[in-house]
Structures are given as C-alpha cells and as structure tokens.
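Q: model the following, please.
(4 chains)
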Protein chains: 2
Amino acid sequence: MKKADKSEVLPQMYLEQMAEAIRVLGHGQRLQIIQQLELCGEQSVTDIVEAIAGQQGAVSQHLGKMRAAGIIAARRAGRQVYYHISSASPVTILNCLRREYSKTVTKSNPRM
Amino acid sequence: MKKADKSEVLPQMYLEQMAEAIRVLGHGQRLQIIQQLELCGEQSVTDIVEAIAGQQGAVSQHLGKMRAAGIIAARRAGRQVYYHISSASPVTILNCLRREYSKTVTKSNPRM
DNA sequence: AGTATATATCATGATATATTGATATGTCTA
DNA sequence: TAGACATATCAATATATCATGATATATACT
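A: Below you'll find the predicted structure:
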C-alpha cells in the first residue's frame, strides 16, 4: 500500500474552493451526465436529455454548472453543442466511489 | 446518436446515493477535519476544534454527519471521543483534487 | 424575411443544508 | 454527590440549492 503523500495541509481557503468543486459532483443527475459522457465521449445536449430522461432546461443548467467548474467542456457544431469531460477528477472520483460502493458498507459504531 | 451500453452504467438510484456521499465531503470545514485526521491519525473532538478553530457544536455536527456516512469512525476513551478516517475515499478524492488543483485551471470556452 | 430546432437563461416556490446559541447528556474526579 | 469537562443535540434562522415552467437567444433552412 502506498504511503500517503503527506504534502502540506492545504489552507482553508483552498479547501473551500475544493469543497465547491466537490459539491458540483454531488448531484445524481450530474453524475448521470458524467457517466454518459464517460461512456460516449461526446454528446449533444439533446442526446444527454434523452439518455438520462431529463428536462432540457435542467440539463442545460447542470451542464453549465459543470462547465463553469471546469469538469466538462463544450464545442458548438451548427445548432448543437457537444459536451465532453475535460478533467480527470470526476472519473477518478466516481471510480473511487464505485470501488467503495462494492464493499459491504462498514457500519459505524456504538452510540455514545 | 450513440446507443448507451446500459450494462456499464450505474442506475440512477445508486448515483443518487453516491451523490449524497459526495456532498458530505463538499464542505470546507469537513475537508479541514479530514485533512487533520489524515495528518494526525486520530484526534479528539477538542483537538479538532482547536486545530481548525471551529465551534464545538458545529464540529460535532460535522463529525456526526461524516460518521453517519461511514467516512470516519470514533472510539470513546473516558470523556473524549477520538475520531479517525475509516474509508479510503475521502483521501483518494482529496488527493485527486490536489493533483487537479496544481494544474493551471483550464478555462472553459466561448460564450454560446 | 419567417419558421423550426437546439440550447441557454430567468423567475420563483420548494426543499435542503449551514450557522448559531443554548442546552442536554455522559463521564470523570474530589 | 456536586461540579467540571467533553461531547452531542436542539431550535431558530439564514443561506444555498433544486425543480419547474416560461421565455430568450442562436443557428439553420426555405
């Protein structure tokens, strides 16, 4: 097992920003979108709307939020806008959680 | 439009639960706590309160939330309760983001 | 020009989460 | 037992996030 990289403790301000980034991923439908993009590489908004059976407006807002966070990026082709994952982190994080998830959920502990 | 291979895609319900788990980490002070525990291995509530300069009640609530999510665990010793990280995911996720963070932030793209 | 299509944005009510101060619970020690 | 200390919980309010329906913008086509 690899020894944790004890690189310095990050100052609270950075953690705040990281927390913000994490929160962007903390939404079921947004994870669905990430999964979809992971699977198909690139998809138009309409593709995504269909794939995850969402509402157009809502999906567009999710895409906007994730784009603002740098998680995904877009390219316009005619009237469609194609999105793709632009950062490794969501995939890494999802994989990490998929792994955690497959384990039996560890119970917490006795009441105190 | 590409047809999604549904077998590899996690069902929305799981994603919803994952999103919930992710959201627990999406909070600056909670990341501070994780970092502190990562650094010190085990700490009492008071230790943590001091280390991150938080309010006792708030810190206790954060700890409770993270414990409920299985991220950390606790052990009582006398009147203190010592917490430690009990799941790899927060560390993995934090490292992942630390890595992302060190890169120059990629700008998104033109207005559409 | 006008119409259809794709996407983005806005306004808002509903819900969730955070923050704070106060108090309750549990545990030790004199 | 009382009193101090450590932790947890509660209640009230503030703030953030979501979902929805409506509308705006951008592009293509005729």
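
Q: least confident secondary structure element in chain A?
A: When the helices and strands of chain A are compared on mean pLDDT, DSSP states H and E, helix A:89-102 comes out lowest with a mean of 86.

Q: which residues in chain A form strands?
A: A:43-44, A:72-77, A:80-85 (DSSP state E).

Q: please identify the deepest-packed of the ones you listed.
A: strand A:43-44 (a mean of 20; mean count of other CB atoms under 10 Å in any protein chain shown). C-beta coordinates here come from the backbone N, C-alpha and C atoms, glycine included.

Q: give me the residues contacting it.
A: A:36-37, A:51, A:80-84, B:1-2 (CB atoms under 8 Å, 6 or more residues apart in numbering or on different chains).

Q: do it and DNA strand D meet?
A: No: judged by CB under 7 Å from any atom of the strand, strand A:43-44 stays clear of DNA strand D, getting no closer than 12.8 Å.

Q: partner strands of that strand, with direction?
A: Neighbouring strands of strand A:43-44 in its sheet, by DSSP bridges, are strand A:80-85 (antiparallel).

Q: export the strand it pairs with as PDB, just CAs?
A: Provided in PDB are the C-alpha atoms of strand A:80-85 (Å, rounded to 0.1, in the frame of the first residue of the first chain):
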ATOM      1  CA  GLN A  80     -25.900  21.700 -31.300                       C
ATOM      2  CA  VAL A  81     -23.400  22.000 -28.500                       C
ATOM      3  CA  TYR A  82     -21.400  18.900 -27.800                       C
ATOM      4  CA  TYR A  83     -20.100  18.300 -24.300                       C
ATOM      5  CA  HIS A  84     -17.200  16.200 -23.100                       C
ATOM      6  CA  ILE A  85     -15.400  15.500 -19.900                       C
END
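
Q: let's have the contacts of strand A:43-44 in CSV, adding distance to A:Gly64 and pLDDT.
A: Below are these laid out as CSV (distance: CB to CB, whole Å; pLDDT from 0 to 100):
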residue, distance to A:Gly64, pLDDT
A:Gln36, 16, 96
A:Leu37, 15, 97
A:Ala51, 18, 96
A:Gln80, 16, 97
A:Val81, 11, 98
A:Tyr82, 15, 98
A:Tyr83, 10, 98
A:His84, 15, 98
B:Met1, 22, 43
B:Lys2, 23, 42
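
Q: hmm, which two among these are most spread apart?
A: The most widely separated members of the contacts of strand A:43-44, counting by CB to CB, are A:Val81 and B:Lys2 (16.4 Å).

Q: circling back to that earlier point, so is the least confident helix or strand of chain A next to DNA strand D?
A: No: applying CB under 7 Å from any atom of the strand, one finds helix A:89-102 separated from DNA strand D by no less than 14.5 Å.
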